[in-house]
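Q: only geometry, no sequence info:
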């Protein structure tokens, strides 16, 4: 039986994994998540047919997962471009960005028109790493317009954990936001994606055996 997590349960699992009992760090979890997302994209959209990937990064952990994925995608033979309009001063994120820039990736930080142009010129596939399970409410600038643009693009979209704009509990009522072609759930799928109709991968299957039964519902 597939388990679906609430926002609270997803937060509890992260806290438990990074607590004294299991000893994971945020950096480790981000690396595991980003690698899983890169592997899923590679399986669904190989570089021979989809070499150009526009990786859209948010300001939080979801954006960190996307930066890690972009680095792996480059090593898998893709040509990633980063859309990263709201960067953070946290050192780990700055280091992840530096690693991508050292590989020669173009980083777009500007207007919606620049992103629109990037989709036309640099995107055989789009990776959505803008908002994660902690997000709730309405998307705000600078991400509201790009998320709306996702619904118009013809390029396939790969979303990390929860499609940006969707509510982690309620999903995408009235199809207000885009629906990706591929979703990579991390740890376990969230309640909001129960009715997701597209291709669905599970990434980061690293829960210790003693943790999993508590969330088997």
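A: All right, it came through fine. For clarity, every value in this text was computed on a predicted model and none was experimentally measured.
Q: only C-alpha atoms from now on, for both contacts and neighbour counts.
A: OK.
Q: list the buried residues in the helix-or-strand element of the chain with minimal mean pLDDT.
A: Between all helices and strands in the chain, the lowest mean by mean pLDDT, DSSP states H and E belongs to helix 112-122, at a mean of 83. For helix 112-122, the neighbour count (16 or more other C-alpha atoms under 10 Å) marks 112, 115-116, 118-119, 122 as buried.
Q: before we move on, what about stretch 134-145?
A: Buried residues in stretch 134-145, counted by 16+ other C-alpha under 10 Å: 135, 139, 142-143.
Q: any residues touching the strand or helix carrying residue 200, and which ones?
A: Per DSSP states H and E, residue 200 falls inside strand 199-203. With C-alpha atoms under 8 Å, 6 or more residues apart in numbering as the test, strand 199-203 has contacts from 33, 36-37, 40, 181-189.
Q: which strands or helices does the longest helix seen in the chain pack on?
A: Longest helix in the chain by number of residues (criterion: DSSP state H): helix 26-44. Packed against helix 26-44, as judged by 3 or more C-alpha pairs under 8 Å, 6 or more residues apart in numbering; DSSP states H and E, are the following elements: helix 61-75, strand 182-186, strand 199-203.
Q: how about 6 Å then?
A: Secondary-structure packing of helix 26-44 (3 or more C-alpha pairs under 6 Å, 6 or more residues apart in numbering; DSSP states H and E): helix 61-75.
Q: which other helices and strands contact the helix it packs on?
A: Applying 3+ C-alpha pairs under 6 Å, 6+ apart, one finds that helix 61-75 contacts helix 26-44, strand 125-129.
Q: can you give me the offset of the last one from its chain's centre?
A: Same thing as strand 125-129. Distance of strand 125-129 from the chain centroid (C-alpha atoms, centre = their mean, to the nearest Å) equals 7 Å.
Q: one more: stretch 117-136?
A: 8 Å.
Q: that stretch spans what distance, first to last residue?
A: From its first residue to its last, stretch 117-136 covers 29 Å (C-alpha to C-alpha, to the nearest Å).
Q: neighbours of residue 29, how many?
A: By the criterion of other C-alpha atoms under 10 Å, residue 29 has 19 neighbours.
Q: so what's residue 204 scoring on pLDDT?
A: Note for residue 204: predicted pLDDT of 67.
Q: one more: residue 135?
A: Looking at residue 135, its pLDDT is 77.
Q: element containing it?
A: With DSSP H and E as the criterion, residue 135 is inside neither a helix nor a strand.
Q: how far away is it from residue 69?
A: Distance, residue 135 to residue 69, by C-alpha to C-alpha: 20 Å.
Q: how about residue 50?
A: When residue 50 is compared with residue 69 (using C-alpha to C-alpha), they lie 15 Å apart.
Q: who's more crowded, these two?
A: More crowded of residue 50 and residue 69, by other C-alpha under 10 Å: residue 69, with 29 against 19.
Q: nearest residue to the more buried one in space, please, no chain neighbours.
A: Leaving aside its chain neighbours, residue 69 sits nearest to residue 34 (4.2 Å; criterion: C-alpha to C-alpha, 6 or more residues apart in numbering).
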